[in-house]
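In: With the input below, show me the fold.
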Amino acid sequence: MTTELVPVESSQGQISLSPAEFQAELEQARAKAQSLKALIAEHSWSVKIGDSEHIRIEAWITLAKGFNCTAQVVEGSVRVIPGYKQAFEARAEVLYFTGEKTVVIGSAEAECGTDGDGFWEEKQPRHSVRSMAQTRALSKAISSVFRWVVVLAGYSGTPFEDMPADGGSLKTSEPPSDKQLWKIKKLDPEAKIDGLSKREASKLIEKLIAEQDEMAELMVEDAANEARREEQS
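Out: The predicted model follows:
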């Protein structure tokens with residue numbers, strides 16, 4: 001199966017919808033929203049957090065199916081985020097089947113186990129944290145395309161999996177841990193660490209490791225070239 005980024009045309013072969021076509025699309029979306037709402041109620045696919053109601057990944061996947069779409073985690077996108085006890089990030093794409101080919105119509109990235117992530121930061125098995133990063137990426141990608149339909153059904157457009165358990169705001173300015181600061185100084189004693197957040201420290205560690213790996217590869221390549229020159233002389 002091949003995927004590519006292309007504009008999806010209307011049934012009349014035009015990129016833009018006429019007012020009549022737009023109205024028809026809205027009526028279809030309202031009907032699908034009501035069908036989705038019935039399924040959500042039947043299977044308990046929504047969770048009340050604060051004053052809003054958020055739907056689970058099962059509902060997002062079902063919604064995508066109603067528009068001839070599916071979602072998948074991008075191969076190779078799931079990876080560890082340095083500087084945390086156990087944290088992962090992943091990327092997912094929404095795929096639309098045109099009848100002739102499959103096109104990417106949306107995508108998103110998500111994390112699990114980073115700043116402000118509650119019990120995912122410390123108290124869950126490593127494989128569960130990895131799985132949740134992928135689940136969040138999938139629901140987030142689908143919501144980037146079909147959030148408006150979910151709102152028509154009366155729910156919040158933010159996926160349940162992307163919400164903090166207490167309904168509050170995710171913390172983004174938590175300071176770096178001692179382990180992160182030690183790691184940064186070990187990788188680069190001259191690195192500037194003043195004012196870094198925990199997330200920024202993680203990104204810096206990732207960058208420094210990549211630079212270190214690149215330098216090691218160059219050294220190995222230089223050594224191999226030198227050995228070949230000696231053999232030829």
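
In: Run through the residues that contact the closest residue to residue 187 other than its chain neighbours.
Out: Among residues not flanking residue 187 along the chain, residue 208 sits closest, at 4.0 Å (C-beta to C-beta, 6 or more residues apart in numbering). For the C-beta atoms, the positions are set from N, CA and C on the backbone; glycine is no exception. For residue 208, the contact set (C-beta atoms under 8 Å, 6 or more residues apart in numbering) comprises 184, 187-188, 191.

In: out of these, who has the most neighbours?
Out: residue 184 (21 neighbours; other C-beta atoms under 10 Å).

In: Now do the helix or strand where it lies, average pLDDT.
Out: Assigned by DSSP states H and E, residue 184 belongs to helix 178-187. Taken as a whole, helix 178-187 carries a mean pLDDT of 84.

In: for it, which positions count as buried?
Out: 180-181, 183-184 (16 or more other C-beta atoms under 10 Å).

In: Which strands or helices does it pack on?
Out: helix 198-232 (3 or more C-beta pairs under 8 Å, 6 or more residues apart in numbering; DSSP states H and E).

In: could you give the mean pLDDT of the helix it packs on?
Out: The average pLDDT within helix 198-232 is 80.

In: next one: stretch 64-79
Out: Mean predicted lDDT for stretch 64-79 stands at 95.

In: and the residue nearest the centre of the chain, bridged to which residues?
Out: When C-alpha atoms, centre = their mean is applied to the chain, the residue found nearest the centroid is residue 109 (2.2 Å). Beta-bridge pairing of residue 109 under DSSP bridges involves residue 91.

In: Contact partners for it?
Out: 77, 89-92, 137, 140.

In: Pretty sure residue 153 sits against residue 33.
Out: Yes - between residue 153 and residue 33 there is a contact at 3.9 Å, judged by C-beta atoms under 8 Å.
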